[in-house]
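1. Got a predicted structure here, sequence first:
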Amino acid sequence: MMNSDSPGFFDKPANVKRVLRVFYACCALLLIMDVVIHRHVVHPWETLIGFYPLYGFLGCVVLVLLAKVMRKVLMRDEDFYDHQPRVVDLVTDKKDGAESEASDVDR
Amino acid sequence: MILDLFNYWIVVILMMVGLFIIVARGNLVKKIIGLNIFQTSVFVFYISVGKVQGGSAPILSDSIEVYSNPLPHVLILTAIVVGVATTALGLALVIRIKEAYGSVEEDELQVIDNQ
Amino acid sequence: MWIAELPSFIYFYLGALLLPLLRGWGRNLVLLAIPLVSGFFLWQLPEGEHWQVTLLGFELTPFYTDRLSVLFGYVFHIAAFIAIVYALHVRDLLQQVASLMYAGSALGAVFSGDLISLFVFWEMLAVTSVFLVFARRTERAYRSGMRYLMIQVMSGLLLLVGVILYVQASGSLRFDFIGLEHVGTAGLASWLIFIAIGIKCAFPFLHTWLTDAYPESTPTGTIFLSAFTTKVAVYALARGYPGTELLIYIGAVMTCFPIFYAVIENDLRRVLAYSLINQVGFMVVGIGIGTALAVNGAVAHAFNDVIFKGLLFMSMGAVLHMTGKINGSELGGLYKSMPKTTILCIVGAASISAFPLFSGFVSKSMVMTAALNNGYNVIWLMLLFASAGVFHHAGIKIPYFAFFAHDSGIRTSEPPTNMLIAMTIAAVLCVAIGVYPEMVYSLLPHDVDYTPYDTTHVLAQLQLLFFSALAFVWLNQRGLYPPELPSVNLDVEWFYRRLLPRLFEFIMGLFWSLNEVLRQTIKRFLSALGNHIHTHSGPQGILAKTWPTGRVVFWVAMILAAFLILSLY
Amino acid sequence: MLIHLPILQVIIPLLGAPLCLMVKGSRFVWGFTLLVSLLASMISVALLWQVEANGTLSYALGGWQAPIGIEYRIDILSAYLLLIVSCMSTIVLLGGYRSIEKEIPVSNQSYFYVAYLLCLAGLLGIVAAGDAFNVFVFLEISSLASYILIGLGKDRRALWASFQYLIVGTIGATFILIGVGYLYIMTGTLNMVDLAQRIPSVSESTTVLVAFAFLIVGVCLKLAMFPLHVWLPNAYAFAPSIVTAFLAASATKVAVYLLFRFSFGVFGIELTESILPLHEVFIGLGLAGVFAASLVAVFQQNIKRLFAYSSVAQIGYMIVGYGLDSVAGSMASLLHLFNHALMKASLFMALAAVVYRLGSVQLKDLAGLASVMPWTAAAIVIGGLSLVGVPLTVGFVSKWYLVLAALEQDLWWVALLLVVGSLLAIVYVWRIVEQMYFAPSTSGDQSDGTREAPIGLLTALWILVIANIYFGIDTRLPVGVAELAAEHIFGGRL
C-alpha cells in the first residue's frame, strides 16, 4: 500500500513521459502490423492500410470536438432544474396562497 | 259498483289511516298503533278475499255445498301472530327507549341524539 | 410442484418477506443464500413450462424456461449475488427488501411464459426499483424517483393496453414472436408493446428516465438498477421482435448519441448511465439484424454487459461511498489511496471497451460481424465509431478522471472488504469470459459457430482502441479535451422538466393576468361543490343524518307509488 | 336422513333456539349455539354438494306433496345462499365469544343466543322455503329476531335504530304479504314453482303488476336499496359488533336473493322485462346508491357507520348487476353477494376487535392502532383493499365480472361509473388506514393496556381475511356456483 502522502507514480512528469513513450511505441507497432499481417476482410474499406487506426483516431477527435460544440448549446448550471419558480405560486391566489389546495405540478 | 268492492275500500282506507299515523305522529306508541292498523288492513284484505259469497265456514258437512276458502284465513292467523309479536316487541322497545331517553316523542329523541 | 421447481422469483419474494424478521448476520446469510439456492435450482431445471395457473379464466404460465430465458436467468442470479455481496455492509431494510424484490421481478419477467405474467412483473420491476432511488433519501433523489416511476408506470400501461389488444386479436396469451408486421388491432397492439419495451430499453427520446434516476440512487442501489431493467427489455425484444429492421436503426442511434453526452458529462455515474444506453444499443442492433449470429451476439453482450457495467458502477460506487463525491471535476488522483479499486475499475473499463481477452470483446465483435455480414455498412461504421467512443468515455474518461488526472487532494482508503470482493468476482468473470468465451457461448440460444480470436479481429480492435486512446492523449496534451465542469447538460428530459412546467407556467400566467375572474369562479365553484357534497353527505348532511321514522315511511310510500305508476304505464 | 336435509337445515336452528334457555353458563350457551350453527353449515355444504350432483331438491313437508303441501325447495341458488348464511354465522360466532361476553350483559346472554339462532333459522328458512307465504313467515322470524339483536346494543341509540328498523321492516314485510295475497288471488297458489307456471296466463292483469310492485318494494326495503336504505346505517352502527358482522354478511344477502327469486324466478324474465323502464331504473338507483352512500361514508367519523354506508354502496353494485338483466349481470351480482359477505364480515369482525379493546369506533380513536393491534389493523387494510377491489382480493373478482357484464351490453358509462365508484372507496378506506398507520397515537404512550385482540376473535377474523384473498385468487368455487345459479335462475328452470 502506498503511503498517501508520498508523491504517487504519476506525480512525476518523467514517469508520465515514460508511460506515454511506451504507448506511442505500441501505436506505431500496431500500425506496422497492418502492413505485415495478411487479413481477411468483408468490407472493402478494411483493406485500406491504416483504416482502423485512422478511423479510431479521427472518430474520437470528431467526437470530442462535436461534444465541445454541443456543450455550448446544452450546458447549463448544475442546479438548472432546481431553481424554477414553483408553479404553485402562480396557480394560487397570492393573497391567500397558503390556504390554496392547488397541486404543485412541478413536483 | 263501488259498493260491490266495499271491502277493498275499507282495506284501502284502513291502510291509508295506518300509514298516515306512522308518518304524521311523532309519538312512538302511536306509531305502533298506526302500524297495527296498517297490518290489520292487510288481514281484512286476506279474510275478505277468502270469503265466498254465500259460502259457509269451511267445516265439512253433508248439508253444505259452498264453502269459503279456508286457506287465506289460515294464512292470516299466522300473520296475526306475527303482528302481535311485532307489536309486543315494538312496545318493549318503546319502554326501553323511555327508560333510556326519558321520552317517546321522536322529535325529542332526535334533539337528544344530535346533541 | 416440488420446491426445486418453484419459479425463481418466489425465492426472492419470500426472501424479501423474511428479511424484516431477521437482524445482522442472519439477514446477510439469507441475502447471500437466496441467489445461490435459486440459481442452483435453476441450473438443475430442465427446459419447458413448469407452472401453470388459471386466474380469472386465463391460463397463465408464470414459469417457462428455454435457452433464451435461462441465459438471462443465470446472469440475473450472478448479478444479484454480486450486487448483494457489494451491498452487504448496508444496514437499510428498505434497500435490501427492494433489491430482492426487484431482482425477483426481473427473474419473474424473463421467465414469464405469457403476456399477463409479463405485465405483472413489468410493473413490479418499476414499483420495486423506484425504492432503490428513494433510498438515497434526498429531495433530489425523491423527485428523480417520482419521474422515473411515472415513466416506468407509463411503460407498464402501454404494455397492458397492448397486451389486452394483442390477446384479443390473436387469441393467444403466449409470449412469443410478435413482430411489427401485423395489421389492424394486432398491428396497433404490437406497436404499443414495442413502445412499452422501448421505454424500458431506453430508446432514443425515451431514455431520460435512465440517465436521470440511476445516478441519483444509492451507491449500492445503482448496481441493481444497472443490471436488470434494461436487460429485461432486451430480453423482451429478443423474444418478441427479433429481426425487426427498425431496431437496427434505433440501436445504431442508441450507440452513437449517448457518447457525446458521456464526453461532456461531469457526474461519473451519469457517464456510465449514458454508456449503458450505448451498450444496450449494440444489443438492440443485434436483435434487429435477427440472424443467429446477431441474436447470439446481442444476448451474449447483454450477459457480459451486466457484469462489466456492474463492475464499473461498483467502482464508481466505491468512490462515492468513500469520498462522498462523484463529479469528475472534484475527483482525481485516487489511485494512490485506492489502488485495488483502480485496478478493478480498469478491468471493467477494458471489458466495456472490448479489449481482447476481456469479456466485451467476445460478444461485441459478434454483433459487429453480423452487421457487416448482412450488408449494413453504414450501421457497421456507426458501431465502429461507437466502439471507439465507448473506449473514450468509459474506458479512459472514467478511470482517468476518477483515479488519475490532477490530484484532487482527496485522501481516502480502500472501500469495505465486501465491496472489494464483489468487484473482484465481477472482474474475474470479465477476464474469464474474455479468455474462455465458450463459457457464455455454450449458453446462447442458437448454436455458435464463431471464433472471436483471429488475428484480423484482434488486430483491428487493438488498432481502433489504441488510436482512439492516442486521440485522447493528443487532445489532452493540446488542451483541446473538454475539461470536467460542474454542469447539467440538456437532454430530452428538458421537455418535461423545463418546457412542460414552463409552458404550464406560461399558460397559468396567462390565466392569472387575463382572467382572474375565471379562476375565482372555478375556485368558488369547487368550494361550492365541496360544500355541496359536504352539506348533503357530511355527518350533518341530509344523506347521512338519521331521518325520523315518519319521513322514512313517507318516502317508502312515495317510492311504492312511483313504482306502481311506472309499472302500470 | 339425507333426504330430510332441507328441513333439518331450518329446523335445527329453530329448535336449537329455545334449548339455549336451558343451557347454563355463558360459555356453554355459546358452545351450544356454535354447535347448532356448525351443524347448519355442515348441512348446507352437504346440500350444495347434493344439488350440484343431482340437481334441485324438493322436500314435501309432512309428506304433503306440492303444490298443496308446503314445499322446501333447494336449487343451486338456494344452496349457495344457505352456504353463505350458515358459514358466515358459524365463523362470526366462532370469534364472537369474547366480544359478546363484553358487550351483552350476562343476564341477557341466553336471550341473545336465542335471538341469534332464531334469526339464523329465519334467514335459512327464507332461502329454503319454496312457498311464498312461508317466505313471509320466515322473513318475519328473522326480522323480529334481528330487531332484538340490534336493540341489545350498548348505545341507547341502538334502541331507536331497532325501533325504526321495526317500523320500516314491518312495512316492508307487509308489502310482501300484500304482494303474495294478490298473487294468490290471481293464481290460487302459493307455491313458487306453481306460481311461475300460472303467472304467464294472467300476466296481462293489473293485479299481477301491482303484486310485483309491492313485492319488489318490500324486498328492496329489506335489502336497503339506496333510497330505502335509511334504516340500515344506524342499525348496523349501534348493534352489538357481532350482530353487525352477522347481519351484514347474511341478512341483506338473503334479501338480494329474494329480489332475484321473485323477479326472475316467480314472475319470470318476460314479465319482469316487460315492466318498462325497470332495469334502467335499477341501474340508475344502484349507481346512485354507490355514489351517494360512498360520499356519505367518506365523511363519517364513526367507522361502523362508515362501513354500514359502504354496505349500502356495495348493495348498489349488486343492484346494478340485477338491473343489467342478463346472465352475466346476475352472475356478477350473485358473486358480489358472496364476496361482499366475506369482506364485510371480516371488516365488522375487525371492528368487533377494535370495540373489544378500545371501546370506541370513532375514527379519531383509531390513531396509531397499527402499533398496538397490528393483526387487526392489517385485517382492516386487507378487508378495505378488498372493498376497493384491488386485484388478488375477492372485491376485484366480482367488480371485474360486473364491469364485464356492463360492457357486454355496451353500457360503457355504467362500467366507467362502477370503476369511479370504487375510487370513492379508496378515499374512505384510506382515511382509516392513514389514521391507523400514520397518525400519532392519541393516548400518548401505550401504557393504557391496549393490546392485540383475543385469540379467538383474531382466528375467526383471519379465517375471513384469508378467505378474502384465497377466493380472490382461486375463484373457481364462488364463480362456478354463481355462474350455475345465474344460469339456473335466468333460464327459468326452477
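-> Cool, the structure landed. Numbers count the residues shown, from 1 in each chain, chains lettered A, B, ... in the order given.

2. buried set for the helix or strand of chain B with the lowest mean pLDDT?
-> Across the helices and strands of chain B, mean confidence by mean pLDDT, DSSP states H and E is lowest for helix B:106-113: a mean of 81. The neighbour-count check on helix B:106-113 (16 or more other Cβ atoms under 10 Å in any protein chain shown) flags B:106, B:109 as buried. Using the backbone N, CA and C atoms, a C-beta is placed for each residue, glycine as well.

3. again, but for stretch D:18-33
-> In stretch D:18-33, counting by 16+ other Cβ under 10 Å, buried: D:20, D:23, D:26, D:29-30, D:32-33.

4. Any idea how far apart the tips of it sit?
-> Counting by Cα to Cα, to the nearest Å, you get 11 Å between the two ends of stretch D:18-33.

5. Please state the offset of it from the chain centre?
-> Distance of stretch D:18-33 from the chain centroid (Cα atoms, centre = their mean, to the nearest Å) equals 26 Å.

6. check whether that stretch contacts chain B.
-> No: using Cβ under 8 Å from any Cβ of the partner chain, stretch D:18-33 never reaches chain B; the gap is at least 14.8 Å.

7. returning to what we had before: next, format the buried residues of stretch D:18-33 as CSV and append secondary structure.
-> Compiled in CSV, these are given as follows (DSSP: H, G, I helix; E, B strand; the rest coil):
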residue, secondary structure
D:Cys20, helix
D:Val23, coil
D:Ser26, helix
D:Val29, helix
D:Trp30, helix
D:Phe32, helix
D:Thr33, helix
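
8. and which of those residues is nearest C:Gly39?
-> Closest approach to C:Gly39 among these (Cβ to Cβ): D:Trp30, at 53.6 Å.

9. got the contact list for the closest residue in space to that closest one that isn't next to it in sequence?
-> The shortest distance from D:Trp30 to any non-neighbouring residue, by Cβ to Cβ, 6 or more residues apart in numbering or on different chains, is to D:Tyr97 (5.0 Å). Residues in contact with D:Tyr97, defined by Cβ atoms under 8 Å, 6 or more residues apart in numbering or on different chains, are D:27, D:30, D:456.

10. how about the residue lying closest to the first one once chain neighbours are set aside, secondary structure?
-> Computed as Cβ to Cβ, 6+ apart, the closest residue to D:Arg27 that is not its neighbour in sequence is D:Tyr97, at 7.3 Å. In three-state terms, and counting by three-state DSSP, D:Tyr97 is helix.

11. Number of residues surrounding the closest residue to D:Tyr437 other than its chain neighbours?
-> For D:Tyr437, ignoring the flanking residues on the chain, the nearest one in space by Cβ to Cβ, 6+ apart is D:Ala370 at 4.6 Å. Counted with other Cβ atoms under 10 Å in any protein chain shown, residues neighbouring D:Ala370 total 21.

12. what is the rounded mean pLDDT of stretch D:459-468?
-> The average pLDDT within stretch D:459-468 is 89.

13. Do I have it right that C:Thr65 meets C:Glu47?
-> Yes: with contacts counted by Cβ atoms under 8 Å, C:Thr65 reaches C:Glu47, the gap being 5.2 Å.

14. Which one's more surrounded, the two?
-> Comparing C:Thr65 with C:Glu47 by other Cβ under 10 Å, the one with more neighbours is C:Thr65, at 20 against 11.

15. mind showing which ranges of chain B have poor pLDDT?
-> Residues of chain B meeting the criterion pLDDT under 70: B:1-3, B:115.

16. which residues touch the helix or strand where D:Asp194 lies?
-> Assigned by DSSP states H and E, D:Asp194 belongs to helix D:192-202. Helix D:192-202 has contacts (Cβ under 8 Å, 6+ apart) with D:66-67, D:71, D:73, D:130-132, D:183, D:186-189, D:208, D:261, D:265-268, D:270-271, D:492, D:494.

17. Quickly note the distance from the residue lying closest to D:Asn234 once chain neighbours are set aside to D:Asp474.
-> Leaving aside its chain neighbours, D:Asn234 sits nearest to D:Ala161 (3.7 Å; criterion: Cβ to Cβ, 6+ apart). Per Cβ to Cβ, to the nearest Å, D:Ala161 is found 38 Å from D:Asp474.

18. more neighbours, those two?
-> Just comparing D:Ala161 and D:Asp474: by other Cβ under 10 Å the higher neighbour count belongs to D:Ala161, 25 against 13.

19. thought that one was touching D:Leu232?
-> No: using Cβ under 8 Å, D:Ala161 is not in contact with D:Leu232, being 9.2 Å away.

20. so, if you compare the contacts of D:Tyr97, which one comes nearest to chain C?
-> D:Gly456 (25.5 Å; Cβ to the nearest Cβ).
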